[in-house]
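> Following is a predicted model, sequence given first.
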Amino acid sequence: MRHRAALLCAILAATAATLIMPGRASAVEPGFEVAITELPDTFTAGDDARRVTVVVTSEQNRCVKVRWSLLIEVDGPGLNEVEVARDEDGDFPVQVQNVAAGTARITDVQLDPGVLCRGRTVTARYQIAFDDDAEPGRVTFRAQAFNAGRTLLQETSSRSEVKAEREEREEQEESKSPSPEPSPSPSESSPEPEESADDEATAEPEPTDKDVDVAAVPASGNDTGTPSLLGAGLIVGGILVFLGVGLLLRLRMRGRAPKHSTELPTGFYPTN
């Protein structure tokens, strides 16, 4: 009984794995197209999850159900530093398998709720994030759409960069602080114009204190310097002339004044 139970468990496990695992990637159905319509150019370690969207279209006249599978290949970060969540109106159950070094497969456990028909699409959305200590590098996404019979309908791939948290922070700081403009070197600065021999010959010399012509400098009315001897002589001469005229007038006035007699009257009187 124990051997039969163990054999039954092994058969059930193999059957479940067969239902979950996609079929051969080489079997591509014509008339289908898969495209990654939303993918960030850069993922930054430690940032919030970014969305990756994949869409499949059909030119077939029949409708099919779709099972999605996403291969993630990292170069730089480790697979254990990648966080993946299938988003389909909430969390969608997936199976994760390591298929090679640095490559993992994320496959839907059940079929997508949408139906793929001509003129209609089926969309898969994933939330991708990297741990804050993830190393910089690249990540490649390879999206595959399978039908219910595990036959590959079509696939596509695209790549994004992964930046370390410190690297992104340094770039942000550099963008906030503009680099100073380099000052021109002495050799780059414009040279001063040199005077030719003719210019030096025709240039008038700057006047010095000894070369200044005193007669050419007009006297200022507000000049407070010492008066010249000519001015002092004119003033003194004017004063002397004024005094001389006054003295002459005084002497003349005395000459015209009446003279009073000091002699006594005589004794001669007219007779009767």
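Received, thanks. Since the model is a prediction, treat every value here as computed from it, not as a measurement.

> List the buried residues for stretch 130-141?
For stretch 130-141, burial by neighbour count (16 or more other Cβ atoms under 10 Å) applies to 130, 134, 135, 136, 137, 139, 141. C-beta: built from backbone N, CA, C; applies to glycine.

> should've said stretch 85-92
86, 88, 92.

> I'd like those laid out as CSV, including pLDDT.
Shown next, in CSV, are the buried residues of stretch 85-92 (pLDDT from 0 to 100):
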residue, pLDDT
86, 94
88, 88
92, 89
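
> Closest to residue 117 out of the residues you listed?
Closest approach to residue 117 among those (Cβ to Cβ): residue 88, at 18.6 Å.

> shouldn't that closest one be in contact with residue 113?
Yes - counting by Cβ atoms under 8 Å, residue 113 is a contact partner of residue 88 at 6.8 Å.

> pLDDT of the longest helix along the chain, averaged?
For the chain, the helix that runs over the most residues, judged by DSSP state H, is helix 229-255. Mean per-residue pLDDT for helix 229-255: 71.

> And residue 30, how far from residue 151?
Noted for residue 30: a distance of 12 Å to residue 151, by Cβ to Cβ, to the nearest Å.

> where do the helices sit along the stretch 51-200 of the chain?
165-176, 197-202 (DSSP state H, counting those that start in this stretch).

> Of those, which shows the lowest average pLDDT?
Looking at the helices of the stretch 51-200 of the chain, the bottom one is helix 197-202 with a mean of 48.

> circling back to that earlier point, who has more neighbours out of residue 30 and residue 151?
residue 151 (14 against 8; other Cβ atoms under 10 Å).

> The more buried one contacts residue 29, correct?
Yes - if you go by Cβ under 8 Å, residue 151 and residue 29 touch, sitting 6.2 Å apart.
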